[in-house]
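Colleague: fold the following.
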Amino acid sequence: MTDVTTLRICLGDYPHTLPLKRGEITSPSLKLDFVEVSPMNKAFKPMVREHAFDVSEMALVTYFQAKAWNKGLSLLPAAMLSRFQHHTMLYNSERGTLTPADLKGKRIGVRSYSQTTGVWIRGIIENDYGIDLSGAKWVTFEDAHVAEAVDPPGVIRARADQDITKMLLGGELDVAIYGAALPKEPQLRSVIVDPDNAAKQWYAKHGLVPVNHMVVVTDELKRAKPAAVAELYRLLEAGKKAAGVPVGGLDTAPFGKEANRPCLELLMSYAVQQGLVPRALSIDELW
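Modeller: Got it, this is the predicted structure:
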């Protein structure tokens, strides 16, 4: 009889993970015990600080910091969530118009300074639009998932009773950066004009869709049961194959080390530029 390894695993619901969650793709040697966490980012801190799961989806900048501070996690080259970022920075149009060129000195809210979406959009604004954000006044609402990763000097923490959207609507913030859940107030508009077209131009330049989340495993699992990790990756690949070609033909869930290398290199350069890691990590260190 085949020994069966059970893995406690936390992944979001995506076209390429649902076949595994529904039991449509299985393994004779691996049982996946799925733990549901919503929103997904609430799983990252317990994974980093407590190894709450054997396997977890994780935001890439959180993983960069976890690797830099030796938190005992390893990356699998399996993307879970990716999206263009140009639409994520919003302002209140009732208070006037804002463009990237107007951001100097503005009060910008973001859930956490190390939030991967925030790192992406800051990198895009600074490197593709040539806007120096060093004079911006940053307001955060959470600490980093990695305890050692402290906010840069001058970053302000909002009070526990404050809400990012209410602050934006009320004028306490000039701009706010959002993740997947965008507010629906019609007066909130993208700082980057025509973000869909801007994203298309960015893709033409860089040739990639920004990845936010990939998959990590604990080093304990990797050392003790490398065959289980290999089988897990095989299952994830099978889920991706079952999901088929994404709408529009863009690969929004790249698998494989080389397929993910350009994205990881670009995001790492942004993380270094923004002071989020103590040193640049080579991509080969991440696996």
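
Colleague: CA atoms of stretch 217-233 as CSV?
Modeller: Only the C-alpha atoms of stretch 217-233 are listed here, as CSV (Å, rounded to 0.1, in the frame of the first residue of the first chain):
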residue,chain,number,x,y,z
VAL,A,217,6.1,25.3,1.6
THR,A,218,7.8,25.0,4.9
ASP,A,219,11.4,24.0,4.9
GLU,A,220,10.5,21.3,7.4
LEU,A,221,8.3,19.7,4.8
LYS,A,222,10.9,20.2,2.0
ARG,A,223,13.5,18.5,4.1
ALA,A,224,11.4,15.7,5.5
LYS,A,225,9.3,14.8,2.5
PRO,A,226,10.7,16.1,-0.8
ALA,A,227,8.7,13.6,-2.7
ALA,A,228,5.5,15.1,-1.3
VAL,A,229,6.5,18.5,-2.4
ALA,A,230,7.2,17.2,-5.9
GLU,A,231,3.8,15.5,-6.0
LEU,A,232,2.2,18.7,-4.7
TYR,A,233,3.7,20.6,-7.6
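
Colleague: contacts only, for residue 281.
Modeller: Shown in contact with residue 281 (CB atoms under 8 Å, 6 or more residues apart in numbering): 64, 67, 68, 268. (C-beta placed from N, C-alpha, C; glycine too.)

Colleague: so how far is residue 12 from the residue nearest to residue 162 when sequence neighbours are not counted?
Modeller: Among residues not flanking residue 162 along the chain, residue 141 sits closest, at 7.3 Å (CB to CB, 6 or more residues apart in numbering). Relative to residue 12, residue 141 is positioned 21 Å away (CB to CB, to the nearest Å).

Colleague: give me the contacts around the host helix or strand of residue 57.
Modeller: Here residue 57, judged by DSSP states H and E, is contained in strand 55-59. With CB under 8 Å, 6+ apart as the test, strand 55-59 has contacts from 7-12, 40-41, 43-44, 47-48, 66, 73, 80-81, 115-116, 145, 212-218, 221, 232.

Colleague: which residue packs closest to residue 4, ignoring adjacent ones?
Modeller: Going by CB to CB, 6+ apart, residue 4 has residue 31 as its nearest residue, at 5.5 Å.

Colleague: now do residue 87
Modeller: That would be residue 195: by CB to CB, 6+ apart, it lies 3.9 Å from residue 87.

Colleague: contacting residues for the one you found?
Modeller: Taking CB under 8 Å, 6+ apart, we find residue 195 in contact with 84, 86, 87.

Colleague: same question for residue 10.
Modeller: Contacts of residue 10 by CB under 8 Å, 6+ apart are 34, 35, 36, 37, 43, 47, 52, 53, 55, 56, 57.

Colleague: where do the helices sit along the stretch 101-250 of the chain?
Modeller: 116-128, 164-170, 195-206, 219-224, 226-243 (DSSP state H, counting those that start in this stretch).
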